[in-house]
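Enquirer: Got a predicted structure here, sequence first:
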Amino acid sequence: MTSGRSVEMAHAPLTAAQVAERIERGEGNLVASRTSRSFGEIFRANAFTRVNAIYLVMLLLVLSTGSFIDGLFGLLIIVNTVVGMVQEVRAKRTLDRLALLSKAPARVERADGVAEIDVEQLVLDDIVLVAAGDQIPVDGEVLTATGFEVDESLLTGESEPVLAGPGYELKSGSFVAAGSASFRATAVGEHAYAARLAKEASEFRKPSSQLRTGIDRILKYVTWALIPVGVLTIINQIWGRSEDWRKAVQGLVAALVPMVPEGLVLMTSVAMAVGVIRLGRRHCLVQDLPAIEQLARVDVVCTDKTGTLTEDGMRVGAVERLGVDDDRIEAALAAIGRAEGKPNASMAAILEHVGDEPGLPAQISIAFSSARKWAAMQTAVGTGAVESWVLGAPDVLLAPDDLARTRSDALATEGLRVLALARTGAALPDPQAPGDGLPAGLVATALVILDQRLRVEAPGAIAYFAEQDVDIKVISGDNAAAVGAIAAEAGVPDGRNAVDARSLDPQSSHFDAEVRDRTAFGRVTPTQKRAMVHALQGDGRVVAMTGDGVNDVLALKDADVGVAMGSGSPAARAVSRIVLLDNSFATLPHVVAEGRRVIGNIERVATLFLTKTLYSILLALLVAVTAVPFPFLPRHITLIAWFTIGIPAFFLALAPNTARAQDGFVRRVLDAAVPGGIGAALASYGAYLTARAVLGTTRAELVLTSSTAFLALIIVAFFVLITVARPFRPWKIALVGAMIGGMLVVILTPLGSRVFDIDLHDPRAVLIACAFGAAGIGVRFGARAILRAIYGAVTRHRRRREAATGR
């Protein structure tokens, strides 16, 4: 609680010359903060990769044999680099543009007046002006304060706001919970508190990614298998055979190249980057890429009411005087509203309503706080006497049997927002003292009725989430009856029966069940919002929290995905992983759908690439153990990769996909890829050995036997592609048909068969290939059934052990 008059401290605003002098000394607020990598880093990250290095070595080996057509796989070096760079650069430009739109300016007082400037333009000793909802941009010492409360929970974990008066040392990264203040910047740039934390990776660590972790695990498994098999292949092809060294090198390269899942990381990066670009087109700023992944797993959306389900602005519909003929009502409203440095939507509507009405002279002002749910001012009346005016929630200020409380409850059931204006002859107590902080003897003088309209797009968005089995929870600080009315109008299931959160204790054993089973809550404090998010997460739910105000910050920070409105407070935008710059709740379904598309399609693509890796490793192992020449040339591998994996994977990675992502990415991918890999390897190897026995092993018949193995392999590979492409859509049928058609054109036309060294003129070769291809498909089904049975047995055993441990 502080005086409404500013307390001056010995510091004058800086002149332009003083600002320039500080910039020259390096005392500006320049901090290395980027939304993405630089162009140089993007190039290096995409060009100098382990995959490209392996492919380059293999390419040089093949070129040394003089067989340039077998070096076609080297094009993947260019493709991997260019595609990855183009998509990441596009995503970078989108992020940079949207981040610029989202950036909150700083208000600073200098010798030539008050101005809004970029945070980076602040300098040491600047006088910075902040108000409710602002994030403190630099460290500083408070000069003047009006009802100024600072929330440092993002830095210290302390949930209670601090009442900060002149002389209080502010830390950057905290935010203003209530009131307004001016402060002198005492530490800027890398010396500011938040910048030091970021540098130490303490509070602002890089978000984890289950998807990246899963892919890293898969690549680790592949590496473990690739190294010994690769060594065996080298021994078999180079030292174990007396044939021409060129053929040996070609066989070596053909065996090793497909073992590398070259497109897995690339397609993952491309899918993520395209997701960022698509969301950017909907004016949605993704502040960290793993947020897209988390969106795919969201199964409950917690949303604020005011400014999220309802439109941004409010207006005063009426001021009902409660039998009190007092011409100071408008003046009291003006005084309370003008004490706010940055009025919230309700206060802004009241200030618009009172216009130029002179406000009562304030001795003391208490700014609005979401935790208190009221604001107040104290004025002098007569000699030595005072009068206090309080504006806030009727159910907080007034007794249950008060007629004004009854009237406000009736209005709230219609979805209206109602504030009570009450007065008393008692002085305002210290708001930090024990109790509710209200003065005694409050008498209601007026009800301020605010019109708030449901966003036109809200019911459609709520309906979408219902169709997608995503639960909706409306969590608001407003009156429970008003919350219930708006929730019901929006179509939230059981929304009308909103719970008054004042009856809920986060420490109670019933709290989690209430949060789980109910869908609308009113009179929720900021700490309760966070506790509700924690309760849902403890129940195994993946929570998205949407909000726009300072009262949403704690919940936005702790939710799996925090989503802030672009017009919301700077603090809310700063802690959120996603910002909806168009302030449209209707964008949220598209955000969730994009997350599902990205993750679901990455899983499909991973299945294709790992199937190829697994059958390549297994085939190379079988060939090495039995000491026979490797059946394929590098050009064969390139052809298989083009039509069964690379081209279809690119389109499948960008396809629509509405299935909600689940945990167990690695298990599901391996469950799909391992049986296909086993089936393809055994089909190709069996066809190869049979063809050698039936057709012969002379140099003239080597092409025929190799082609037989090739055909058996692509039969299984195309079957895997068909299963991955399900559920079928016309465009998917066309895609698979085009891939099969393209392959047939290559292997059946004279030019294609000559270039790729494929010969299937002997009907016996075709029959052998088809028979083993069909057998390979059968092996895939059998292997999958066996693997699922093993997994089921392991799961049941683990559950029994856990149950026994629990007893």
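Expert: Here it is on my side, so go on.
Enquirer: Need the per-residue pLDDT for Glu200.
Expert: Listed pLDDT for Glu200 reads 45.
Enquirer: Is Ala444 in contact with Ala422, as I believe?
Expert: Yes: at 4.9 Å, Ala444 and Ala422 qualify as touching, with contact defined as Cβ atoms under 8 Å. Quick note: C-beta positions are derived from backbone N, CA and C, even for glycine.
Enquirer: The residue nearest the centre of the chain - nearest residue in space that isn't next to it in sequence?
Expert: Taking Cα atoms, centre = their mean, the centroid of the chain lies closest to Ala291, which sits 1.6 Å from it. The shortest distance from Ala291 to any non-neighbouring residue, by Cβ to Cβ, 6 or more residues apart in numbering, is to Arg577 (3.8 Å).
Enquirer: is it true that the one you found touches Asp288?
Expert: Yes: counting by Cβ under 8 Å, Arg577 touches Asp288, with 5.6 Å between them.
Enquirer: and these two? which has more neighbours close in?
Expert: Remark: of Arg577 and Asp288, Arg577 carries more neighbours, 24 against 14, as counted by other Cβ atoms under 10 Å.
Enquirer: Now do the contacts for that one.
Expert: Residues near Arg577 by Cβ atoms under 8 Å, 6 or more residues apart in numbering: 207, 286-288, 291, 294, 561-563.
Enquirer: What of Thr233?
Expert: 252, 255-256, 620, 623-624, 630.
Enquirer: again, only using 7 Å
Expert: 252, 255-256, 620, 624 (Cβ atoms under 7 Å, 6 or more residues apart in numbering).
Enquirer: so what's Glu320 bridging to?
Expert: Leu447 (DSSP bridges).
Enquirer: how many neighbours does it have?
Expert: 15.
Enquirer: and what of Val694?
Expert: Around Val694 there are 16 residues (other Cβ under 10 Å).
Enquirer: All further residue positions should be reported with the first residue as 520.
Expert: Okay, residue one is now 520; in that scheme the one you just asked about reads as Val1213.
Enquirer: didn't it look like it was pressed against Arg1283?
Expert: Yes: contact criterion Cβ atoms under 7 Å: Val1213 and Arg1283 qualify, at 6.1 Å.
Enquirer: And Val772, how close does it get to Ala1146?
Expert: Distance, Val772 to Ala1146, using Cβ to Cβ, to the nearest Å: 19 Å.
Enquirer: just Leu1214 next, same as before
Expert: From Leu1214 to Ala1146 the distance is 20 Å (Cβ to Cβ).
Enquirer: Those two: who's more crowded?
Expert: Each of Leu1214 and Ala1146 has its neighbours counted (other Cβ under 10 Å); Leu1214 has more, 18 against 10.
Enquirer: and that one, what are its phi and psi?
Expert: phi -90, psi -20 (degrees, to the nearest 10).
Enquirer: pLDDT value on it, please?
Expert: 86.
Enquirer: Run a quick neighbour tally on Arg1060.
Expert: For Arg1060, using other Cβ under 10 Å, the count is 19.
Enquirer: isn't it right up against Asp818?
Expert: Yes: between Arg1060 and Asp818 there is a contact under Cβ under 7 Å: 5.7 Å.
Enquirer: want to throw the contacts of Thr752 into CSV with distance to Leu973, secondary structure and neighbour count?
Expert: CSV is the format used below for the contacts of Thr752 (distance: Cβ to Cβ, whole Å; DSSP: H, G, I helix; E, B strand; the rest coil; neighbours: other Cβ atoms under 10 Å):
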residue, distance to Leu973, secondary structure, neighbour count
Leu771, 68, helix, 22
Ala774, 64, helix, 28
Leu775, 62, helix, 26
Ala1139, 63, helix, 27
Ala1143, 68, helix, 22
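Enquirer: Please dump these into CSV; it should also carry pLDDT and distance to Ala895 for every row.
Expert: Formatted as CSV, the contacts of Thr752 follow (pLDDT from 0 to 100; distance: Cβ to Cβ, whole Å):
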residue, pLDDT, distance to Ala895
Leu771, 69, 82
Ala774, 70, 80
Leu775, 72, 76
Ala1139, 84, 79
Ala1143, 82, 83
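Enquirer: Between all of those residues, which two are at the greatest distance?
Expert: Leu775 and Ala1143 (11.6 Å; Cβ to Cβ).
Enquirer: Let me see the ranges of the helices in the stretch 620-769 of the chain.
Expert: For the stretch 620-769 of the chain, applying DSSP state H, counting those that start in this stretch gives helices covering 672-675, 712-718, 729-753, 764-775.
Enquirer: Enumerate the positions of stretch 568-580 that are buried.
Expert: 568, 570-571, 573-574, 577-578, 580 (16 or more other Cβ atoms under 10 Å).
Enquirer: give the contact list for Leu961.
Expert: 909, 916, 941, 943.
Enquirer: Now with 8 Å, please.
Expert: 909, 916-917, 941-943.
Enquirer: same question, Glu688
Expert: 658-661, 705.
Enquirer: Of the contacts of Arg1096, which one scores lowest on pLDDT?
Expert: Across the contacts of Arg1096, the smallest pLDDT goes to Pro726, namely 49.
Enquirer: Would you mark the buried spots in stretch 531-543?
Expert: 532-533, 537-538, 541.
Enquirer: how many neighbours does Ala959 have?
Expert: Ala959, neighbours per other Cβ under 10 Å, totals 10.
Enquirer: separation between it and Pro948?
Expert: Between Ala959 and Pro948 the distance is 9 Å, computed by Cβ to Cβ.
Enquirer: which residues of the stretch 870-1019 of the chain fall in strands?
Expert: Along the stretch 870-1019 of the chain, counting by DSSP state E, counting those that start in this stretch, strands occupy 883-888, 893-899, 905-911, 936-943, 962-970, 990-994, 1018-1019.
Enquirer: out of those, nearest to Thr1157?
Expert: Nearest to Thr1157 among the strands of the stretch 870-1019 of the chain is strand 990-994; the distance by Cβ to Cβ comes to 48.4 Å.
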